[in-house]
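Q: Need coordinates for the below:
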Amino acid sequence: LVRVSSVFTMVASFGVFTPLLLILIRFIVSIIGIILLLVRVSSVLTMRVFIPLLLILILSFVNMGGEDDAGATGGSRYFSLTPVQPHTNPLATKLATVKDIPYYVSDQFLRTVARDRYQLSQVERMVERSYERELSDECKNQKVYKRMLELMAKSKITEAQRETRETLMMELRGFELTRCLELEDLFPRSVPVKDRVLGEMDL
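A: Take a look at the predicted model:
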């Protein structure tokens, strides 16, 4: 699924997909991923686990509904966080508080805004805020996925289902909230102390 999503992003860089289509594609990829996970572990699901799991999924999709056309590429009319026409020229933040955030701009941007230090700094602050929102959204998605694994791994099973449960436990132990860690590292003020993953890891 990660490869499929990467292919969509690559094709989008050639201008085949509009931002609205990118939203739809990402939504479909998420749905497929969840369905495959549920099918894989359906033998260990009980109603006691399935109902909370369903509520988590519903809340997750409700949160996804807040995206607009700009949110599809994580940017605005000045830039994009992914290479999508006409934003295909790679840059990285230099004037913002957080350095080296990658973003993409148009040819016109390079000829105009990029040559004006003040305007560029304003855009880079927008890039910074957009990247923070993107990390926050992806962190929430990772937490939802991890919670799903936890619920399914803790469900009551028979002896025949033990192998499936062991597989889930191995995946759970190896699953890292990478986007949450990056969010806390780059934007520590945006994450309350009680919600920080680093704090949980230290316990």
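
Q: okay, CA-based contacts and neighbour counts for the rest of this
A: Will do.

Q: Okay, strands next: where are they in the chain?
A: 89-92, 102-105 (DSSP state E).

Q: Serialize those to CSV and add fields for mean pLDDT, mean neighbour count and distance to Phe79.
A: Below are the strands of the chain laid out as CSV (pLDDT from 0 to 100; neighbours: other CA atoms under 10 Å; distance: least, CA to CA, whole Å):
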stretch, mean pLDDT, mean neighbour count, distance to Phe79
strand 89-92, 97, 16, 9
strand 102-105, 96, 22, 5
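
Q: I'd like those strands as JSON lines, with distance to Glu171 appended.
A: Listed next are those as JSON lines, based on distance: least, CA to CA, whole Å:
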{"stretch": "strand 89-92", "distance to Glu171": "34"}
{"stretch": "strand 102-105", "distance to Glu171": "30"}
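
Q: pLDDT on the biggest helix by length in the chain, on average?
A: Longest helix in the chain, counting residues (DSSP state H): helix 117-153. The pLDDT scores in helix 117-153 average 89.

Q: So which other helices or strands are in contact with that helix?
A: Judged by 3 or more CA pairs under 8 Å, 6 or more residues apart in numbering; DSSP states H and E, the packing partners of helix 117-153 are helix 47-64, helix 162-174, helix 178-186.

Q: So for Gly65, what's the pLDDT?
A: Note for Gly65: predicted pLDDT of 47.

Q: if we can go back for a sec, quick one: work out the angle between the longest helix of the chain and helix 178-186.
A: Angle between the axes of helix 117-153 and helix 178-186 is 140 degrees (criterion: axes from the mean of the first three to the mean of the last three CA atoms, to 10 degrees).

Q: just the angle between helix 117-153 and helix 162-174, please?
A: 150 degrees.

Q: For Asn141, find the nearest of the strands of the chain.
A: Checking those against Asn141 by CA to CA gives strand 102-105 as the closest, at 21.5 Å.

Q: Below-threshold pLDDT in this structure: ranges please.
A: Scanning the chain for pLDDT under 70 picks out the ranges 1-75, 155-163, 198-203.

Q: Against Thr112, how distant is Gly104?
A: That one is not Gly; residue 104 is Tyr. 15 Å (CA to CA, to the nearest Å).

Q: Equivalent analysis for Ser190, please.
A: 32 Å.

Q: my guess is Val98 contacts Leu186, does it?
A: Yes - between Val98 and Leu186 there is a contact at 6.8 Å, judged by CA atoms under 8 Å.

Q: And the contacts of stretch 173-188?
A: 98, 132, 135-136, 138-140, 142-143, 146, 190-191, 196-198 (CA atoms under 8 Å, 6 or more residues apart in numbering).
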